[in-house]
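Engineer: With the sequence up front, the predicted model follows.
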Amino acid sequence: MKTAKIILFIAAIAIGLTSFQTIHSTQMSSSTKNGGVADTLKIDTESGLVDSPSLMMVKAQCTACHSSKLILQHRFTRAGWTERIRWMQKYHKLWDLGESEKVVLDYLEKYYGPSSVEARAAFRRAPLKDIQWYKVNERR
Ligand code: HEC
């Protein structure tokens with residue numbers, strides 16, 4: 001029966017998608033070199049941003065006009081993030097963040113700064129260390 005096969009196929013995809021989402025909502029962990037202490041990061045599945053007590057505030061202030069992807073794609077220093085905010089305020093009608101600007105900047109600096117461990121863990125592997133280079137032509 002052809003229809004039965006199609007239904008089975010759709011069910012298989014649905015089950016596959018469900019388990020895929022489960023994997024993604026579980027914690028992303030990374031072990032770091034800071035004294036062997038393993039850092040554990042939780043990623044908010046809806047936005048892809050690092051979960052933290054400030055996340056709700058960041059989402060309220062920063063995902064009203066555009067997707068969180070614009071944040072995820074960048075790594076700036078605190079000054080760099082401040083500059084972006086001023087730029088959006090000047091050209092894109094971003095409002096005055098008031099008291100929450102500090103909360104938002106603390107969050108961005110911590111998780112989406114150029115060298116934050118959290119950002120690296122969420123973004124890409126840590127850079128290689130202790131690389132021993134050798135000349136390609138050298139016979140060893
Ligand atoms: C009032 C609307 C609005 C809000 C709220 C807003 N933005 Fe933006 N943002 C924009 C617009 C418009 C752009 C330009 C989008 C484009 O180029 O496609 C932008 C671009 C960006 C970019 C890309 C800048 C670049 O150099 O390419 C980043 C990063 C960014 N926003 C971060 C944030 C953060 C962090 C917050 C929270 C403080 C925020 N945005 C809140 C309107 C907003």
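Structural biologist: Sure thing, it's come through.

Engineer: Helices along the chain, start to end?
Structural biologist: Under the criterion DSSP state H, the chain carries helices at the ranges 2-25, 55-62, 69-72, 78-91, 100-112, 117-123.

Engineer: mind checking how far residue 83 is from residue 89?
Structural biologist: Counting by C-beta to C-beta, to the nearest Å, the gap between residue 83 and residue 89 amounts to 11 Å. Where C-beta positions appear, they are placed from N, C-alpha and C, glycine not excepted.

Engineer: Please disregard the earlier target; I meant residue 41.
Structural biologist: Residue 41 is 30 Å from residue 89, by C-beta to C-beta.

Engineer: swap in residue 77?
Structural biologist: Residue 77 is 18 Å from residue 89, by C-beta to C-beta.

Engineer: Residue 105 now?
Structural biologist: For residue 105, the distance to residue 89 - C-beta to C-beta - is 14 Å.

Engineer: Of the two, which one has the most company?
Structural biologist: Set side by side, residue 105 and residue 89 show more neighbours around residue 105, with 18 against 13, by other C-beta atoms under 10 Å.

Engineer: Quick one: residues contacting that one.
Structural biologist: By C-beta atoms under 8 Å, 6 or more residues apart in numbering, residue 105 lies in contact with 78, 81-82, 85.

Engineer: again, 6 Å this time
Structural biologist: Residue 105 makes contacts with 78, 81, as judged by C-beta atoms under 6 Å, 6 or more residues apart in numbering.

Engineer: what do you get for the one 4 residues further on?
Structural biologist: For residue 109, the set of contacting residues under the criterion of C-beta under 6 Å, 6+ apart consists of residue 78.

Engineer: before we move on, what about residue 88?
Structural biologist: Applying C-beta under 6 Å, 6+ apart, we find residue 88 in contact with residue 94.

Engineer: pLDDT at it, what is it?
Structural biologist: We have a pLDDT of 97 for residue 88.

Engineer: now do residue 14
Structural biologist: 63.

Engineer: Over to residue 17?
Structural biologist: For residue 17, pLDDT reads 57.

Engineer: do residue 26 as well
Structural biologist: 40.

Engineer: now swap in residue 45 and tell me
Structural biologist: Residue 45 is given a pLDDT of 94.
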